[in-house]
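Visitor: Return a 3D structure for these sequence lines:
(one chain, ligands or ions: 1)
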Amino acid sequence: MIRYVSKENSRALHGTALLRLDFNTEDEWRMTATLPTIKLLLRRGATVVIVSHRGRPSGVKIAGGQPVKFEKKLSLKRDAMRLARLLRRKIRFIPHFRFKEIRRKTAQAPRGSVFLLENLRFLRGEDANDPRLARELASLADFYVNDAFAVSHRDDASVDAITKFLPSYGGMGFEREIRFLSHALTQPKHPLVIILGGGKAHDKLGVLRYFRAKADWFLLGGAAANTLHFVRGMNVGRSLIDRERSDLKMLKAVSRYENLILPSDWITRRNAILDIGPRTIREFEKRIRQARTIIWSGPLGLAEEPRFAKGSLAVAWAIAANRRAFSIAGGGETVMFLKKYRLDKKFSFISTGGGAMLDFLAGEKLPGISALHRTRAARGKKR
Ligand code: 3PG
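Guide: Numbers count the residues shown, from 1 in each chain. Reported below is the predicted structural model:
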């Protein structure tokens, strides 16, 4: 069992919290989703030290604990300002990793102070799940909270190893993700319709495999559909496909699934498929109308260009109109698309996870979730 902050009292959440969040989006929707957890910790009287990442920086030189020569857009300094605006509170940004100094600063700060450390991926130990980094981070706090579901499929030091050194909890956003996604995973009402699009096929294979016998229909667009058409021998011209050779066997197997519905017409430009066509839209709408559970990841075309967004828009409207279905959408592109057309509120749940949501829905064990289970078990044994 995972322990969640929402269920804990002020005594358990006493002192300084090391709070792992995920600010890895261009806009603020992921940050906004974390506000309830930050506010709860502050109400319980904690001081909050936030850690997060942005992008995939590599080879950043650290001199005297200070990152030097890195892409400025990967710094979290701007996020500190954004968060201060959203939270209406001062956020103290710490641009270095001199942990002794940080410890002194956070210990001396009045209760209820909020700190944000620089992008943890500037440190090699983060990606390497290095226990030495986890120990340094742990030295800053009395307990740890993961409200970064979106990065919980990574075994990073601030997601995984950290839980070996501090009492650890799941945040409120994390808790909602597990509750809603588990519901879709384990007890979906039928018909269950899974819609998969986006720019990659590879990351959708796990979901296709896991739900093979459970989904009533898979509706495919984007690179996943193009790749499966290609595998079936169709000439897809210059369309986006995944050429990962190691996936070929799996793709061949998937292309034979009986519950797979691939587009039967397209909108193209310069010999590349960029959206599903009107006949496919009608077919997809029909299935969505009948559905009782709907999971959607990835736009069905080049939806950032309005003329190739028609398929995704029709699908989004059909989901919005189906009031009887439990509907989930996730993945950065999909969520940004739904927000742009103000359709996100029409879904039962919007996941902050991209890869994390897909891995969870593929039935995989996410390191961030396993780590929170493990700490609970370890504490139980000690007693
Ligand atoms: C995401 O945006 O999906 C998460 O922040 C994880 O990022 P990553 O794929 O770079 O690990």
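
Visitor: excluding its backbone neighbours, what's nearest the residue of the chain at minimum distance from the ligand?
Guide: The ligand sits closest to Asn24 of the chain, with a gap of 3.4 Å, by Cβ to the nearest ligand atom. Where you see a C-beta, it was placed from the backbone N, CA and C, and this is true even at glycine. For Asn24, the nearest residue in space outside its immediate sequence neighbours is Arg54; the separation is 5.4 Å by Cβ to Cβ, 6 or more residues apart in numbering.

Visitor: Check Glu126 too.
Guide: Sequence neighbours aside, Leu120 is the residue nearest to Glu126 in space, at 4.5 Å (criterion: Cβ to Cβ, 6+ apart).

Visitor: Isn't the one you found up against Ile50?
Guide: No: counting by Cβ atoms under 8 Å, no contact exists between Leu120 and Ile50, whose distance comes to 10.4 Å.

Visitor: The two: who's more crowded?
Guide: Neighbours of Leu120 and Ile50, each counted by other Cβ atoms under 10 Å, are more numerous for Ile50; the result is 26 against 23.

Visitor: Against Arg89, how distant is the more buried one?
Guide: Using Cβ to Cβ, to the nearest Å, we find Ile50 at a distance of 12 Å from Arg89.

Visitor: Identify the contacts common to these two.
Guide: Taking Cβ atoms under 8 Å, 6 or more residues apart in numbering as the contact definition, Ile50 and Arg89 share the neighbouring residues Val114.

Visitor: And Arg212, which helix or strand is it part of?
Guide: Arg212 belongs to no helix or strand when elements are defined using DSSP states H and E.

Visitor: Enumerate every residue touching it.
Guide: The neighbours of Arg212, taking Cβ under 8 Å, 6+ apart as the test, are 257, 259.

Visitor: what's the answer for the one 10 residues further on, then?
Guide: Applying Cβ under 8 Å, 6+ apart, we find Gly222 in contact with 196-199, 240, 298-301.

Visitor: try 10 Å this time
Guide: The neighbours of Gly222, taking Cβ atoms under 10 Å, 6 or more residues apart in numbering as the test, are 195-201, 204, 239-240, 263, 273-276, 297-303, 311-312, 333.

Visitor: The ligand contacts on the stretch 1-150 of the chain?
Guide: With Cβ under 6 Å from any ligand atom as the criterion, the stretch 1-150 of the chain comes near the ligand at residues 22, 24, 56, 150.

Visitor: what about the last one, how many neighbours?
Guide: Using other Cβ under 10 Å, the number of residues around Ala150 comes to 27.
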